[in-house]
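**Q** got a structure for you, letters missing:
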């Protein structure tokens with residue numbers, strides 16, 4: 001699987017910060033840096049060339065050594081560019097070229113998987129909560145020589161003077177009156193509380209069924225796939241039911257539920273399941289869960305709006321979407337090259353058939369990109 005790529009020379013007109021000359025990069029990282037270089041060149045309307053060397057593991061001599069012209073979309077498709085160049089330079093070595101391209105593709109795929117295994121670290125910011133100051137406990141162990149003894153922080157505690165409350169002396173008769181009155185008030189209060197609680201319990205029992213019974217009915221309707229009945233039982237759980245249907249991929253059930261309980265989220269999800277990517281974009285005001293953010297970026301890619309897909313993925317930070325965008329560029333570039341090659345004069349029948357076959361395969365891959 002191991003292959004590396006080096007840039008040994010770069011035109012002064014191109015941004016040199018993208019590559020370190022003579023530095024070995026993995027095939028995946030090299031392809032990504034060439035894509036970035038191509039983007040910057042087109043943004044600044046500059047052009048130039050880079051000299052590429054590709055090495056196999058434990059080989060001191062380059063397996064591939066050639067120039068690539070940046071500013072002409074070549075940087076978007078490293079592997080297809082190498083393949084086309086080799087076919088032009090060495091048309092008689094078709095078998096060797098196929099073996100090298102297969103190795104490059106395997107190395108690219110392996111490097112991509114290794115990259116995707118590294119998930120971005122999510123920092124959790126805890127809210128500041130005021131707490132009582134803590135007095136550190138001074139250790140009884142001796143401090144090792146050569147180290148500074150930690151400074152002990154002591155909490156200053158202000159002493160307060162206790163205030164003695166005056167004692168009240170009552171006669172036994174008065175004490176009895178006070179206790180009797182207090183006991184009577186307490187009994188009346190308890191009676192009122194029990195009366196109110198009993199009335200409320202009776203009212204709740206008459207007006208609403210117990211929560212447990214509602215939950216049991218809801219669970220039964222969901223189990224039997226009676227989604228509209230479940231929504232009638234618990235109308236506050238409409239979106240939860242809609243998401244459950246989407247997870248099961250039941251388009252017919254989702255259409256029925258959407259007709260009874262229409263939501264923007266339901267319309268968004270139906271368009272996704274039906275693969276109507278242009279329609280998905282019109283419902284982007286739906287509540288944007290992580291899954292819907294991904295599907296929105298994916299829809300932009302499927303309609304050919306690569307820039308908007310990349311923009312959406314800035315916040316999403318999906319390695320899968322990043323790879324799909326890269327693959328989309330490679331495929332569209334391969335299609336453009338194949339269509340251009342078909343127009344060349346002097347091609348044999350076999351060459352035309354080969355190019356046409358590749359073109360058909362590229363278009364099929366583009367059509368189903370990301371839908372497996």
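**A** Everything's here; your move. In this text the structure is predicted, and so the values were computed from the model without any measurement.
**Q** going forward, measure contacts between C-alpha atoms and count neighbours the same way
**A** OK.
**Q** under the pLDDT cut-off, which ranges of this protein? List them.
**A** Along the chain, segments meeting pLDDT under 70 span 1, 111-210, 372.
**Q** ranges for the helices of it?
**A** 27-43, 78-89, 94-116, 172-207, 211-223, 227-233, 238-248, 251-260, 264-273, 277-282, 290-302, 306-316, 319-342, 349-367 (DSSP state H).
**Q** and residue 71, which of these is closest to it?
**A** helix 27-43 (5.6 Å; C-alpha to C-alpha).
**Q** any idea what residue 69 is bridged to?
**A** Beta-bridge partners of residue 69, counted by DSSP bridges, are residue 49.
**Q** which residue packs closest to residue 283, ignoring adjacent ones?
**A** In space, and not counting its chain neighbours, residue 283 is closest to residue 268: 5.4 Å by C-alpha to C-alpha, 6 or more residues apart in numbering.
**Q** ok, that neighbour - how many residues close by?
**A** Residues contacting residue 268 under the criterion other C-alpha atoms under 10 Å number 24.
**Q** ok, it - contacts?
**A** Residue 268 is in contact with 279-280, 283-284, 286, counting by C-alpha atoms under 8 Å, 6 or more residues apart in numbering.
**Q** redo these as JSON lines? Include neighbour count and distance to residue 371.
**A** What follows is these, written out as JSON lines (neighbours: other C-alpha atoms under 10 Å; distance: C-alpha to C-alpha, whole Å):
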{"residue": "279", "neighbour count": "16", "distance to residue 371": "17"}
{"residue": "280", "neighbour count": "24", "distance to residue 371": "15"}
{"residue": "283", "neighbour count": "17", "distance to residue 371": "20"}
{"residue": "284", "neighbour count": "17", "distance to residue 371": "20"}
{"residue": "286", "neighbour count": "17", "distance to residue 371": "22"}
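**Q** and which of the residues you listed is nearest residue 79?
**A** Proximity of those to residue 79 (C-alpha to C-alpha) peaks at residue 280, which lies at 32.6 Å.
**Q** which residues does the closest one contact?
**A** Counting by C-alpha under 8 Å, 6+ apart, residue 280 touches 268-269, 271-272, 296, 299.
**Q** same thing but at 6 Å, please
**A** Residue 280 sits next to 268, 271 when contact means C-alpha atoms under 6 Å, 6 or more residues apart in numbering.
**Q** how near is it to residue 321?
**A** Going from residue 280 to residue 321 by C-alpha to C-alpha, to the nearest Å gives 17 Å.
**Q** how about residue 212?
**A** From residue 212 to residue 321 the distance is 43 Å (C-alpha to C-alpha).
**Q** higher neighbour count, these two?
**A** Using other C-alpha under 10 Å as the criterion, residue 212 and residue 321 rank with residue 321 on top: 21 against 9.
**Q** how far away is that one from residue 369?
**A** Separation of residue 321 from residue 369 (C-alpha to C-alpha): 11 Å.
**Q** now do residue 14
**A** Distance from residue 14 to residue 369, by C-alpha to C-alpha: 32 Å.
**Q** can you redo the helices of the chain as JSON lines with distance to residue 62?
**A** Listed next are the helices of the chain as JSON lines, based on distance: least, C-alpha to C-alpha, whole Å:
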{"stretch": "helix 27-43", "distance to residue 62": "14"}
{"stretch": "helix 78-89", "distance to residue 62": "13"}
{"stretch": "helix 94-116", "distance to residue 62": "12"}
{"stretch": "helix 172-207", "distance to residue 62": "82"}
{"stretch": "helix 211-223", "distance to residue 62": "63"}
{"stretch": "helix 227-233", "distance to residue 62": "63"}
{"stretch": "helix 238-248", "distance to residue 62": "50"}
{"stretch": "helix 251-260", "distance to residue 62": "54"}
{"stretch": "helix 264-273", "distance to residue 62": "46"}
{"stretch": "helix 277-282", "distance to residue 62": "44"}
{"stretch": "helix 290-302", "distance to residue 62": "36"}
{"stretch": "helix 306-316", "distance to residue 62": "34"}
{"stretch": "helix 319-342", "distance to residue 62": "24"}
{"stretch": "helix 349-367", "distance to residue 62": "27"}
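**Q** which one of those lies nearest to residue 21?
**A** Closest approach to residue 21 among these (C-alpha to C-alpha): helix 27-43, 11.8 Å.
**Q** and the contacts of the closest one?
**A** 4, 70-71, 75-76, 78, 108, 111.
**Q** at 7 Å what do you get?
**A** 3-5, 14, 18, 47, 70-71, 73, 75-76, 78, 107-108, 111-112 (C-alpha atoms under 7 Å, 6 or more residues apart in numbering).
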